[in-house]
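Enquirer: Got a predicted structure here, sequence first:
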Amino acid sequence: MNYETVIGLEVHLQLKTKSKAFCGCSTEFGQEPNTQVCPVCLGFPGSLPVFNQTALDYAIKVALALNCKIQEYTKFDRKNYFYPDLPKNYQISQYDLPLSLAGYLDIELEERQKRIGITRVHMEEDAGKLIHQENFSLVDFNRTGIPLLEIVSEPDISSPEEAHEYLTTLKSVIQYLDVSDCDMEKGSLRCDANISLRPVGAKTLGVKTELKNMNSFKGVKDALAYEIQRQAGLLDSKKTLIQETRLWDAKAAQTLPMRTKEGAKDYRYFPEPDLAPFIIKEDKIAEIKKTIPELPKEKIKRFVKDFGLSEYDAKVLVALKETAQFSEECLKEYRDSNKKPVANWIIGPLAALASNNACEITDLKISAASLVELIELVEKKQVISNLTGKIVLEEMLKTGKGAQKIIEEKNLAQISDSGSLNVIIAEIIKENPKSVADYKTGKANALMFLVGQVMRKSSGKANPKAVQDLLKEKLESV
């Protein structure tokens, strides 16, 4: 392409406080429409907002984790616009004196690191939710007033792949802080993307488009990829790009025009008269900083250093906070110095089992001790094969029994003694003269075929390594 892509992302994050930002209404998800509202969040005349202290603490925590500078003096503003899901016809937000500025988030891309600047993290309240029917729309105000953070990146993102990695990394950090469930299906985490193209080497930014209605990180990636092609086509054709907001239609896999893009002047910002400005003192910041846990980046480094894992394995294991805690329990429980088998089992069979059951690994109700027992029976004691181990894992989930008990009850133990194996091997050699001849003429695949036949005849119970060694010995004498 003759163009550089410039992307900035705006992430809206619902904080999981028990009550709303400026009133005492519940924030519980999934309740009957319009049952969690009051005069304050519905904007009745004479009602006054009172700010939620926990929302402020959570906001500072997120800003610190994203390396932002907390402003000593901050205030709320009214952002004025008219939309059916905004009962006050304005949103309490922050404009010229936001909570924090000038942060960053490092992302990993094919063994290289890139720093994405964070312009600001500021506080605001959420709007309601429109429910569209065929010929009309309904509005649910339960979400109105839930505390939101807007996390605005610098235009440092250069591709849809970088955008996807930024969002994935950001979500992981937020989940570690335990301030939001980050559930995109519930609307707890939403993302708008600003994208423009400019000629390679140019310094000025091109005309930007804001993309909305993307309900997954994959949706963000796909919408950006489409928009790059659309804008490049217009520029190549010498057509004029206009600054606008476009919606992503996932079914049609295209963006569609929504409205021309508003600027700050269109919102007629002015200071919120019902909320006084406030000062955030250094001792408050220091107090909250102490509550920030070990974050994914630091945990990855520790897993590599303490457990000898590869960076890739460590990154997969720590992506989710709960999975990281479970993985660390397993790694400590597994007594062998080589921890690779633990990572392999968690990333492989256990993750597959969770996927099949549409849940997370920690929802499977398989304890770290139980998993380690299974891994040791496969890897160290070679009581069962890797394939049988996967069968035992499924039985553990179904029955809640330990691995050893299942092996005994179902007679799954591996056959390792040479006497029993030699009987089976002799039969296989007799039944497969062509493969024996192929092996004798140097065809290595013939040996693996014969191993497979022994495994099949033994119903998967034969020890593969012992079978291979004995087969080689027998074939040399044929």
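Expert: That came through fine. Numbers count the residues shown, from 1 in each chain.
Enquirer: Based on its surroundings, how many neighbours for the residue nearest to F307 when sequence neighbours are not counted?
Expert: Of all residues not flanking F307 in the chain, K339 sits nearest, at 4.5 Å (C-beta to C-beta, 6 or more residues apart in numbering). (Each C-beta comes from the backbone N, C-alpha and C, glycine too.) Applying other C-beta atoms under 10 Å, we find 19 residues neighbouring K339.
Enquirer: from memory K339 sits against D306, does it?
Expert: No: the pair K339 / D306 is not scored as a contact, 9.1 Å apart, by C-beta atoms under 8 Å.
Enquirer: What's the mean pLDDT across the helix or strand K465 falls within?
Expert: Using DSSP states H and E, K465 maps to helix 464-477. Helix 464-477 shows a mean pLDDT of 75.
Enquirer: which of the residues in it are buried?
Expert: By 16 or more other C-beta atoms under 10 Å, the buried positions in helix 464-477 come out as P464, A466, V467, Q468, L470, L471, K474, L475.
Enquirer: contact partners of that helix?
Expert: The set of residues external to helix 464-477 that reach it, using C-beta atoms under 8 Å, 6 or more residues apart in numbering, is 382, 385, 416, 418, 421-422, 425-426, 429, 436, 439-440, 447, 450-451, 454-455.
Enquirer: Just the buried ones out of those, please.
Expert: Buried, going by 16+ other C-beta under 10 Å: Q382, S385, L421, I425, I429, V436, Y439, L447, L450, V451, V454, M455, out of the contacts of helix 464-477.
Enquirer: got those residues as JSON lines, with distance to N344, pLDDT and secondary structure columns?
Expert: Supplementary listing: these in JSON lines, determined by distance: C-beta to C-beta, whole Å; pLDDT from 0 to 100; DSSP: H, G, I helix; E, B strand; the rest coil:
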{"residue": "Q382", "distance to N344": "16", "pLDDT": "73", "secondary structure": "coil"}
{"residue": "S385", "distance to N344": "14", "pLDDT": "77", "secondary structure": "coil"}
{"residue": "L421", "distance to N344": "26", "pLDDT": "75", "secondary structure": "helix"}
{"residue": "I425", "distance to N344": "29", "pLDDT": "81", "secondary structure": "helix"}
{"residue": "I429", "distance to N344": "33", "pLDDT": "81", "secondary structure": "helix"}
{"residue": "V436", "distance to N344": "34", "pLDDT": "78", "secondary structure": "helix"}
{"residue": "Y439", "distance to N344": "30", "pLDDT": "75", "secondary structure": "helix"}
{"residue": "L447", "distance to N344": "25", "pLDDT": "79", "secondary structure": "helix"}
{"residue": "L450", "distance to N344": "27", "pLDDT": "81", "secondary structure": "helix"}
{"residue": "V451", "distance to N344": "21", "pLDDT": "79", "secondary structure": "helix"}
{"residue": "V454", "distance to N344": "25", "pLDDT": "79", "secondary structure": "helix"}
{"residue": "M455", "distance to N344": "20", "pLDDT": "78", "secondary structure": "helix"}
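Enquirer: care to break this structure down by domain?
Expert: As given by automatic domain parsing, the domain ranges for the chain are 3-289, 296-409, 418-477.
Enquirer: Pick out the most distant pair among the buried ones among the contacts of helix 464-477.
Expert: Farthest pair in the buried ones among the contacts of helix 464-477 (C-beta to C-beta) is Q382 and V436. Separation: 26.9 Å.
Enquirer: Can you tell me how far the residue lying closest to G308 once chain neighbours are set aside is from I361?
Expert: Distances taken as C-beta to C-beta, 6+ apart put K339 closest to G308, at 6.0 Å, once the chain neighbours are dropped. Distance of K339 to I361, computed by C-beta to C-beta, to the nearest Å: 17 Å.
Enquirer: in what helix or strand does T168 lie?
Expert: helix 160-177.
Enquirer: Show me what that helix is packed up against.
Expert: strand 3-14, helix 53-65, strand 100-109, strand 112-125, strand 189-199, helix 217-236, helix 296-307, helix 321-333 (3 or more C-beta pairs under 8 Å, 6 or more residues apart in numbering; DSSP states H and E).
Enquirer: So which of these is nearest K401?
Expert: helix 321-333 (18.4 Å).
Enquirer: next structured bit after the helix or strand containing L397?
Expert: L397 belongs to helix 386-399 when assigned by DSSP H and E. Beyond helix 386-399 on the C-terminal side, the first helix or strand identified by DSSP H and E is helix 403-409.
Enquirer: Contacts only, for the most centrally placed residue in the chain.
Expert: Among the residues of the chain, the one closest to the centroid is T168, at 4.8 Å (C-alpha atoms, centre = their mean). Neighbour list for T168: F217, A319 [criterion: C-beta under 8 Å, 6+ apart].
Enquirer: quick one: low-confidence parts of the stretch 51-200 of the chain?
Expert: For the stretch 51-200 of the chain, no stretch is flagged by pLDDT under 70.
Enquirer: again, only this time at 90
Expert: 81-83, 108-113, 131-134, 181-188, 199-200 (pLDDT under 90).
Enquirer: Surely Q453 touches I428?
Expert: Yes: between Q453 and I428 a contact is recorded at 4.8 Å, counting by C-beta under 8 Å.
Enquirer: Tell me which of those two has more neighbours.
Expert: I428 (23 against 20).
Enquirer: now the more buried one: how far from M455?
Expert: 10 Å.
Enquirer: thought E28 was touching Q36?
Expert: Yes: applying C-beta under 8 Å as the test, E28 and Q36 come out as touching, 7.1 Å apart.
Enquirer: Comparing the two, which shows the higher neighbour count?
Expert: Per other C-beta under 10 Å, whichever of E28 and Q36 has more neighbours is Q36, with 23 against 10.
Enquirer: Leaving out the residues flanking it, which one is nearest to that one?
Expert: N142 (4.5 Å).
Enquirer: swap in W248?
Expert: That would be A223: by C-beta to C-beta, 6+ apart, it lies 4.0 Å from W248.
Enquirer: The helix or strand encompassing T255 pairs with which strands?
Expert: Using DSSP H and E, T255 falls within strand 254-260. Strand partners for strand 254-260, identified by DSSP bridges, are recorded as strand 244-249 (antiparallel).
Enquirer: and the partner strand, what's its mean pLDDT?
Expert: 89.
Enquirer: Can I get it in PDB, CA atoms only?
Expert: What follows is strand 244-249, C-alpha atoms only, in PDB (Å, rounded to 0.1, in the frame of the first residue of the first chain):
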ATOM      1  CA  GLU A 244     -17.800  10.600   9.900                       C
ATOM      2  CA  THR A 245     -19.000   7.900  12.200                       C
ATOM      3  CA  ARG A 246     -19.600   4.500  10.700                       C
ATOM      4  CA  LEU A 247     -21.200   1.300  12.100                       C
ATOM      5  CA  TRP A 248     -19.700  -2.100  11.600                       C
ATOM      6  CA  ASP A 249     -22.200  -4.600  10.200                       C
END
